[in-house]
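*Asks:* What follows is a predicted protein model with its sequence.
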Amino acid sequence: MDYSSIKGIEALGDLKGKRVFVRADFNVPLEGTRITSDARITAALPTIKLLLGKGARVILASHLGRPEGKGFEAEYSLAPVAKRLSELLGFEVTLQPDCVGENVRKGALAVTDGHATLLENVRFHKAENKGAEAFGRELASLAEFYVNDAFGTCHRADASMTWPAKLLPSAAGLLVKAEVDALATVLTNPNRPCLAVLGGAKVSDKIPLVNNLLSRVNEICVGGGMAYTFLKAQGHKIGKSLCDDSKLDDCKKMLLRARENNVAIHLPKDHVIAHGMDDETAHIDRGDIPDDFAAFDIGGNTARAFANVIARAKTILFNGPMGVFEKERFSNGTQIVVNAIAEATRNGAFSVVGGGDSAAAAEHFHADKHMSHVSTGGGASLTLLQGEPMPALEALIRS
Ligand code: AMP
């Protein structure tokens, strides 16, 4: 599915005096009632401010954590978010006692032009996760327009993510639009050569991704723990390195398909190895990894070879670190690769960093600011890149 046709807020026309339901992702980390990072709130501010500036009456909704869906639970209340939003917006963002019901309806109707209210956690209702229509209709009935700015949840068919989108004139918020456009650029319309740099621990997590990319990219560099199942599939000895023997056949098939599709797959040739993560390290230049050693990072030669491939790419997707980058002794490969992607971006390439660990790795080496786009949604961006259904985005297209 090509999501690049999803409309932005401008398509909704004049919003002055209109009630706009904004599904945001305010799933912030909390210690008690203290927000330890407000990044998710600040990420939604451009959309909220844009709507307020248009004179809209903004009705905000979000989930927070994983309550059981049995009604209000204080530890999952959005009260700290309402407080922080009030500070950031400079007026009181009222918190409704729930997200549906007569009192909430009155609260939503009381919002004035250019102001906002926040509904209580949508996951206080089981119907949210179930994608229940009646609950979705009740949420939609609070507003005249719908804006989805919760990219991290777009791979779910939750009621607040789908039903209002289908029932009301809808658009993607600035965050969702930026995510969708960046990922669609890689998948459907990349400048070539188009390169994927893939790593991370679990090869099983990445098989659908590699399979989808094999018909789209020109080259793939594979590092990190996932590389060793590929190397074993090629007949190499990999010692105690991470390996998923149940995926050897999949790796063989992918290597074959890559050859058929004319996609170059680059695998590590040298490695940083150790008995265990805290033991002394050694470098293995080529060939097999001894039985009692595991590889925890790609070697310097491999990293530089990957950097050369990166330098000639015009579109780059980075998903997964090249080694155990959290430990300095195994961080060199990821650092070289991340810096090479930043450098290529400065030279005009378009670079996208998948969410989760890849974003953490880019941040760790202070390269995140130099990338064209760093995704905010780990699971959501992976689902989209794998070519799997994104129910919330499909609902926006159907609106
Ligand atoms: P993932 O969530 O699958 O993207 O994996 C990310 C994690 O993979 C990071 O925390 C890394 O420490 C870990 N990792 C990367 N390379 C290796 C490796 N060669 N051996 C063990 N763990 C690795």
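*Replies:* Structure received.
*Asks:* Return the residues of this structure in contact with the ligand.
*Replies:* Residues of the chain lying near the ligand by CB under 6 Å from any ligand atom: 199-202, 205, 224-225, 242, 295-296, 320-321, 323-324, 326, 357. In this view, the C-beta of every residue, glycine as well, is placed from N, C-alpha and C.
*Asks:* pretty sure A132 contacts A159?
*Replies:* Yes: counting by CB atoms under 8 Å, A132 touches A159, with 5.4 Å between them.
*Asks:* In terms of neighbours, single out the busier of these two.
*Replies:* A159 (26 against 16; other CB atoms under 10 Å).
*Asks:* Chain neighbours aside, what residue packs nearest to that one?
*Replies:* G136 (3.9 Å; CB to CB, 6 or more residues apart in numbering).
*Asks:* Quick check: the one you found vs G239, distance?
*Replies:* Going from G136 to G239 by CB to CB, to the nearest Å gives 52 Å.
*Asks:* May I have the residues that are in contact with the residue most central in space within the chain?
*Replies:* Ranked by distance to the mean C-alpha position of the chain (CA atoms, centre = their mean), the top residue is G377 at 2.2 Å. Each residue near G377 by CB atoms under 8 Å, 6 or more residues apart in numbering is listed here: F151, G152, T153, C154, H155, E179, G355.
*Asks:* again, only using 7 Å
*Replies:* F151, G152, C154, E179, G355 (CB atoms under 7 Å, 6 or more residues apart in numbering).
*Asks:* One more: M254?
*Replies:* Counted by CB under 7 Å, 6+ apart, M254 has contacts V210, N211, L214.
*Asks:* Which parts of the stretch 251-399 of the chain are helices?
*Replies:* All helices of the stretch 251-399 of the chain, identified by DSSP state H, counting those that start in this stretch, fall at 300-312, 332-346, 357-364, 378-385, 391-398.
*Asks:* okay if I get the ones you listed as JSON lines plus mean pLDDT and mean neighbour count?
*Replies:* Formatted as JSON lines, the helices of the stretch 251-399 of the chain follow (pLDDT from 0 to 100; neighbours: other CB atoms under 10 Å):
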{"stretch": "helix 300-312", "mean pLDDT": "98", "mean neighbour count": "18"}
{"stretch": "helix 332-346", "mean pLDDT": "98", "mean neighbour count": "22"}
{"stretch": "helix 357-364", "mean pLDDT": "92", "mean neighbour count": "21"}
{"stretch": "helix 378-385", "mean pLDDT": "92", "mean neighbour count": "22"}
{"stretch": "helix 391-398", "mean pLDDT": "94", "mean neighbour count": "20"}
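*Asks:* For the stretch 151-300 of the chain, give the residue positioned nearest to the ligand.
*Replies:* G200 (2.4 Å; CB to the nearest ligand atom).
*Asks:* tally of neighbours for the nearest residue to that residue once chain neighbours are set aside?
*Replies:* Spatially, and ignoring its direct neighbours in sequence, G200 is nearest to G320 (2.9 Å; CB to CB, 6+ apart). Other residues lying near G320 total 27 when counted by other CB under 10 Å.
*Asks:* Please apply the same query to the one 3 residues further on.
*Replies:* The local packing of G323 (other CB under 10 Å) involves 29 other residues.
*Asks:* quick one: buried residues of stretch 236-254?
*Replies:* 236, 238-244, 247-248, 250-251, 254 (16 or more other CB atoms under 10 Å).
*Asks:* pretty sure the residue nearest to G200 contacts G199?
*Replies:* Yes: the pair G320 / G199 is scored as a contact, 3.6 Å apart, by CB atoms under 7 Å.
*Asks:* residues shared between the contacts of these two?
*Replies:* In contact with both G320 and G199: G224, M226, using CB under 7 Å, 6+ apart.
*Asks:* picking up where we left off before, farthest pair within the buried residues of stretch 236-254?
*Replies:* Spatial extent of the buried residues of stretch 236-254 (CB to CB) is set by the pair K240 and M254 at 23.4 Å.
*Asks:* which ones are touching A159?
*Replies:* With CB under 7 Å, 6+ apart, A159 has these contacts: A127, E128, G131, A132, F135, G136, L139.
*Asks:* Number of residues surrounding the first one?
*Replies:* Burial of A127 is recorded as 21 neighbouring residues (other CB under 10 Å).
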